[in-house]
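Student: could you work out the structure for the sequence below:
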Amino acid sequence: MAAAATGASLPRPIVRDDITTASIPAATRPAGATLSASIRPDVPLFGAHRIRFGKISSGIRISGLIRKAAASGASAICINQCAALADRLTLKGASLSQQLRHVSASVNAMVAYKTDEQNHGRLDQWSTPNETLGRRSGDCEDYAILKMALLARLGIPVTAMEIVVVKDTDRRLFHAVLAVAFEDRSLILDNMTDTVEADKAKRSYAPLFSLSGKANYVFGYKGGSSDLMASLKNISAIAPGAGF
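Tutor: Numbering: from 1, shown residues only. Got it, this is the predicted structure:
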């Protein structure tokens, strides 16, 4: 996926998932904006609006861990190998944006991309953080889950993060990323790039559903009235990493 044009020359492209990407300058936090303690459903994500939803079969085991971590603490989702890695990735005195980028880039470097077909012999399977670390491989949602767990261990509220499954209209693939909520936007941690960007910079990402510590959501767009229209037909058939 090509980076958005900035008017400046870009560094040499890096490769993620056999797709060439390029880093652009990291998003800086606007004056007065602070990390949210919880996702704000009223703030759009990738230009779409959240609609609270019930159980989502994709990642149902991981969804349970996320809920437990939101209620009882990071140890519900990040223990043993995950906890030890979080300790190693701590940047003392770093800004929040530096810590987010360090965690995202480190996970991108240490986990080899392999599809669920390659790892599990099935189209879609979401792994726990320690399962991913034990294999040192996974697909897009496994990167996002591991990053969430590490950041939870480092003190980011689980309720401020969500695993978001999107339709990447450029690559014509379903994809998964981690979103971290600020007051007026979300920052996106993506295995496709080491750069941490605001959701608005990801123009080819159309959100489909998300898992968070408080609720599951599907996404809709404003129609001719004030009602929201969800864009999903068969949510159980959506497998991050697969084409559409």
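Student: just the strands from this protein, written as ranges.
Tutor: Here the chain has its strands, by DSSP state E, at 14-16, 19-21, 49-53, 112-113, 137-138, 161-168, 173-181, 186-190, 193-198, 205-212, 216-222, 228-230.
Student: which of those has the lowest mean pLDDT?
Tutor: Ranked by mean pLDDT, these bottom out at strand 19-21, with a mean of 24.
Student: tell me who's in contact with the residue nearest the centre of the chain.
Tutor: Compute the mean C-alpha point of the chain, and by CA atoms, centre = their mean the closest residue is residue 178, 1.4 Å away. Applying CB atoms under 8 Å, 6 or more residues apart in numbering to residue 178 gives the contacts 104, 143-144, 147-148, 151, 161-164, 188-190. Bear in mind the C-beta positions are built from the backbone N, C-alpha and C, glycine included.
Student: separation between residue 63 and residue 70?
Tutor: 11 Å (CB to CB, to the nearest Å).
Student: and residue 210, by the same measure?
Tutor: From residue 210 across to residue 70, the span is 14 Å (CB to CB).
Student: please apply the same query to residue 108.
Tutor: Separation of residue 108 from residue 70 (CB to CB): 25 Å.
Student: now swap in residue 154 and tell me
Tutor: Residue 154 sits 16 Å away from residue 70, going by CB to CB.
Student: what's the answer for residue 101, then?
Tutor: Applying CB to CB, the value for residue 101 to residue 70 is 24 Å.
Student: pLDDT-wise, which helix or strand of the chain ranks last?
Tutor: When each helix and strand of the chain is scored by mean pLDDT, DSSP states H and E, strand 19-21 comes last, with a mean of 24.
Student: for this structure, what spans make up the helices?
Tutor: Listed in chain order, the helices of the chain (DSSP state H) span residues 60-72, 81-89, 96-110, 116-120, 129-135, 140-153.
Student: so which of the ones you listed comes closest to residue 184?
Tutor: When the helices of the chain are compared by CB to CB, helix 96-110 sits nearest residue 184, at 15.3 Å.
Student: what average pLDDT does that closest one get?
Tutor: Taken as a whole, helix 96-110 has a mean pLDDT of 96.
Student: just the CA atoms of that helix, as CSV, please.
Tutor: This file holds the C-alpha atoms of helix 96-110, laid out as CSV (Å, rounded to 0.1, in the frame of the first residue of the first chain):
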residue,chain,number,x,y,z
LEU,A,96,3.4,8.4,24.7
SER,A,97,3.9,8.6,20.9
GLN,A,98,7.4,7.3,21.2
GLN,A,99,6.3,4.4,23.3
LEU,A,100,3.5,3.5,21.0
ARG,A,101,5.9,3.5,18.0
HIS,A,102,8.5,1.5,19.8
VAL,A,103,6.1,-1.3,20.7
SER,A,104,4.5,-1.4,17.3
ALA,A,105,7.9,-1.4,15.4
SER,A,106,9.3,-4.0,17.8
VAL,A,107,6.4,-6.4,17.3
ASN,A,108,6.5,-5.9,13.5
ALA,A,109,10.2,-6.8,13.5
MET,A,110,10.0,-9.9,15.8
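Student: buried residues of it, list them for me.
Tutor: 96, 99-108 (16 or more other CB atoms under 10 Å).
Student: need the residues you listed in TSV with distance to residue 120, can you?
Tutor: TSV is the format used below for the buried residues of helix 96-110 (distance: CB to CB, whole Å):
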residue	distance to residue 120
96	34
99	31
100	29
101	30
102	29
103	25
104	24
105	26
106	24
107	19
108	21
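Student: do you know which of the helices of the chain lies nearest residue 200?
Tutor: That would be helix 96-110 among these, by CB to CB, at 15.9 Å.
Student: distance from the chain centre to the closest one, please.
Tutor: Chain-centre distance of helix 96-110: 12 Å, with CA atoms, centre = their mean, to the nearest Å.
Student: right, I'll call it a day here.
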